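A.B. asks: need a structure here:
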Amino acid sequence: QKVDIIISEWMGYLLMRESMLDSVIRARDRWLKPEGAMFPSHATMYWAAISYEEDRLTKVDEYTRAMNDWDRFASDMINVYNVDVSVLTKQYDKEQSDYYTYSSLWTELQVEHVIGQPVIIKQLDLNTCTLADSEVLKHTPYEIVMPFPVTISGFAGWFTVDFNGSAGSPVAKRVVLSTGPEVGYTHWGQQVFYLKDSIQASFNTKLHGNVTLFRQEKNKRLYNLTLTNAVDNEEPLTATYEIP
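C.D. replies: Below you'll find the predicted structure:
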């Protein structure tokens, strides 16, 4: 039997994590009446530069301590047992770097951490979007201009969802749920992607590049994010982050 309304809280971190939108789209296509409405009805993803060195340096320190622990372990292995584990150092370093540097973090940012104007990187109309729309975010460009001299620690993403109804069944009063820093704590917080090295930006420095969001091979419910970023006319740097 067809229904007039489908209500679902499917949103994950950075909107897409856990891939619950797939089930909602399938339910909509199967059971929603042509003039029916989805709630929420629209979703928007935002991307912003942030300055939060205290938090970024905490992760740098954790990575450094992990590598120092490894160095002590490797030294003990050779001195006590005459076993050389140096062949494992490169792989261990990569594991620690992936965990401490190239994994996104759930964070409760403050408004003052956000630098410049956040940009929209994806919009979805839940009344009409397809499974392909939820699959991937491809090479979406962004450009953020620094309003003052500042140290850029990385980038952050969050989302809003709107309760607008549909063209056939509009609502009398629009309601918006935001997970941005301006609203304080929410279950979703913000996902932060810290840079390995911070950027010393000047007034009017331009950060520009693109963002790609794609599903992990090991778990199709989760995503990775590839960030390409350039500072003014410098060569761009690219890094891929896991969204755990």
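A.B. asks: quick check: mean pLDDT of stretch 49-61?
C.D. replies: Averaging pLDDT along stretch 49-61 yields 97.
A.B. asks: what does it rub up against?
C.D. replies: Residues outside stretch 49-61 that contact it (C-beta atoms under 8 Å, 6 or more residues apart in numbering): 100-101, 105, 107, 109, 113-116, 144, 146, 150-156, 192, 194-195, 198, 207. (Glycine included, C-beta is placed from N, CA and C.)
A.B. asks: ok, of these, which come out buried?
C.D. replies: Using 16 or more other C-beta atoms under 10 Å as the burial test, the contacts of stretch 49-61 include 100-101, 105, 107, 109, 113-116, 144, 146, 150, 152-156, 192, 194-195, 198, 207 as buried.
A.B. asks: secondary structure class for F193?
C.D. replies: At F193 the chain is in strand, as set by DSSP: H, G, I helix; E, B strand; the rest coil.
A.B. asks: that one contacts G154, correct?
C.D. replies: Yes. In this structure F193 lies within contact range of G154 using C-beta atoms under 8 Å: 5.2 Å.
A.B. asks: strand partners of the longest strand out of those in the chain, parallel vs antiparallel please.
C.D. replies: Of all segments of type strand in the chain, defined using DSSP state E, the longest is strand 150-165. Sheet pairing here is set by DSSP bridges, and for strand 150-165 it gives strand 42-50 (antiparallel), strand 170-178 (antiparallel), strand 190-201 (antiparallel).
A.B. asks: toward the C-terminus, what is the element adjacent to whichever strand or helix holds A132?
C.D. replies: According to DSSP states H and E, A132 maps onto helix 131-135. Using DSSP H and E, the helix or strand that follows helix 131-135 in sequence is strand 137-145.
A.B. asks: in the lengthiest helix in the chain, what counts as buried?
C.D. replies: For the chain, the helix with the greatest residue count under DSSP state H is helix 53-80. For helix 53-80, a neighbour-count test (16+ other C-beta under 10 Å) marks 53, 55-56, 59-60, 63, 66-67, 70, 74 as buried.
A.B. asks: quick one, it and strand 42-50 angle?
C.D. replies: Interaxial angle of helix 53-80 relative to strand 42-50 (axes from the mean of the first three to the mean of the last three C-alpha atoms, to 10 degrees): 70 degrees.
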